[in-house]
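Student: Quick check, what structure comes out for this input:
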Amino acid sequence: MPVASFTGVTRTYPGLSHPAVDNLSFTIDSGEVLVIVGANGSGKTTAMEILCGLRLPTSGRAEFLGQPVVPGGAHRNWMGVQLQVGGLPQRLQVREALKAAECLYRDAGDVDVIIDALGLRSRMSQMVDKLSGGWQRRLDIAIACIGSPRLLVLDEPTSGLDPVARTALWEFLRDRRSKGVAVLTSTHDLAEAETYADHLLVLDEGRAILRGPVSEVLSAAGGDHRLRVLSGDPGCLSAIRAQGHTPLEAGSAISVIGDSGGLTVLREKLERLRDAGEVKFSDVLLGSVRLEDVFAFAAAGRKKETT
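Tutor: Below is the predicted model:
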């Protein structure tokens, strides 16, 4: 039995042109890191709030440990939650805020390990309202981890953290994972998602456009390499299409996904055309496909379907 699941969950709001979450289904198991990625407004936060019992779905079913999630339900005893807008007690010291959270549980778990892993030991005497946004985020996460939760629901947990702290946090979450804790989190940093997730859920306008293990999602765009043409003119688009490839424009760049051999041939063709004065571009780069490429191509494909 999965730790948590969505089955056909939809959430609508008056005035929105599309549901915030649209027929969304997924599961998360013990010892799994599931990362939700998507643009602003794609439904990441709404999905998490429904799973936490803070919002009810318009239709569909959210479950935790086999039981429906309802506002104020017993799921709160086994679920640790950190949302973008925290509810930290501002007029307490860090030490007092952590102790208050400990008092809510018969077994608070390995609190000292949590404090040290998140670097809070040096901040224990500081007032919560004097902490920077990044340190408040760490405290929010520490409190979510108290009580040995079966599931951590963390909305943009690395937001406001410096690169060293971000890496330390992901290592800490993977340690929780190794202890059997399920971790559902979201991020705008696609490189982080690609590196640390076990499974990915890619949302666009409330719908899941990709889901599965990282390797499976990365292969969804139809190739393992990406060619990026910088500052290319319209002639580049025509040349790419003439070679049987599908280009994607993003700002001043043109991207093509395919296999290494085929894209190497395409790069050489474009360079010959540039040398002959038939096309213009500043540079052409060939490398492994990344999650940002897959996301861009998947979102573009969905946009075509809806127009």
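Student: Pull the contacting residues for residue 76.
Tutor: residue 53 (CB atoms under 8 Å, 6 or more residues apart in numbering). Bear in mind the C-beta positions are built from the backbone N, C-alpha and C, glycine included.
Student: is it fair to say it lies in a helix?
Tutor: Yes: when classified by DSSP: H, G, I helix; E, B strand; the rest coil, residue 76 is found to be part of a helix.
Student: Next, work out how far apart it and residue 68 are.
Tutor: 14 Å (CB to CB, to the nearest Å).
Student: Quickly note the distance from residue 220 to residue 190.
Tutor: On the measure of CB to CB, residue 220 and residue 190 end up 14 Å apart.
Student: how about low-confidence regions in the stretch 1-150 of the chain?
Tutor: Scanning the stretch 1-150 of the chain with the threshold set as pLDDT under 70 gives 86.
Student: residue ranges of the strands in it, please?
Tutor: Secondary structure of the stretch 1-150 of the chain (DSSP state E, counting those that start in this stretch): strands at 4-11, 21-28, 33-37, 59-64, 67-68, 79-82.
Student: Each with direction, which strands does the shortest one pair with?
Tutor: Put plainly, it is strand 67-68. strand 59-64 (antiparallel) (DSSP bridges).
Student: swap in the third one?
Tutor: Sheet pairing for strand 33-37, assigned by DSSP bridges, gives strand 182-186 (parallel), strand 199-204 (parallel).
Student: ditto for the last one
Tutor: For strand 79-82, sheet partners with direction are given as strand 151-154 (parallel), following DSSP bridges.
Student: thinking again about what came up before, which one of the strands paired with strand 33-37 lies nearest to residue 278?
Tutor: strand 199-204 (36.0 Å; CB to CB).
Student: Spatially, what comes nearest to residue 8 if we skip its sequence neighbours?
Tutor: Using CB to CB, 6 or more residues apart in numbering and skipping the chain neighbours, the partner closest in space to residue 8 is residue 60 (4.0 Å).
Student: Assess the claim that the one you found and residue 12 are in contact.
Tutor: No: between residue 60 and residue 12 there is no contact under CB atoms under 8 Å: 11.3 Å.
Student: what's the domain layout of this structure?
Tutor: The chain breaks down by automatic domain parsing into domains covering 4-89+144-218, 224-288.
Student: Now do the helices in the stretch 101-250 of the chain.
Tutor: For the stretch 101-250 of the chain, applying DSSP state H, counting those that start in this stretch gives helices covering 111-117, 133-145, 163-178, 190-196, 214-218, 234-242.
Student: on that earlier part again, looking at the domains of the chain, which is buried most?
Tutor: domain 4-89+144-218 (a mean of 18; mean count of other CB atoms under 10 Å).
Student: Ends of it, what's the gap?
Tutor: 25 Å (CA to CA, to the nearest Å).
Student: I'd like to know how many residues surround residue 132.
Tutor: 10 (other CB atoms under 10 Å).
Student: State the distance from the residue nearest to residue 8 to residue 270.
Tutor: 47 Å.
Student: Equivalent analysis for residue 229, please.
Tutor: 7 Å.
Student: where do the contact lists of the two overlap?
Tutor: The contact lists of residue 229 and residue 270 share 236, 240, 281, 284, where a contact means CB under 8 Å, 6+ apart.
Student: Export the residues you listed as CSV, with columns for distance to residue 265 and pLDDT.
Tutor: Converted to CSV, these look like this (distance: CB to CB, whole Å; pLDDT from 0 to 100):
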residue, distance to residue 265, pLDDT
236, 15, 94
240, 12, 95
281, 17, 94
284, 12, 94
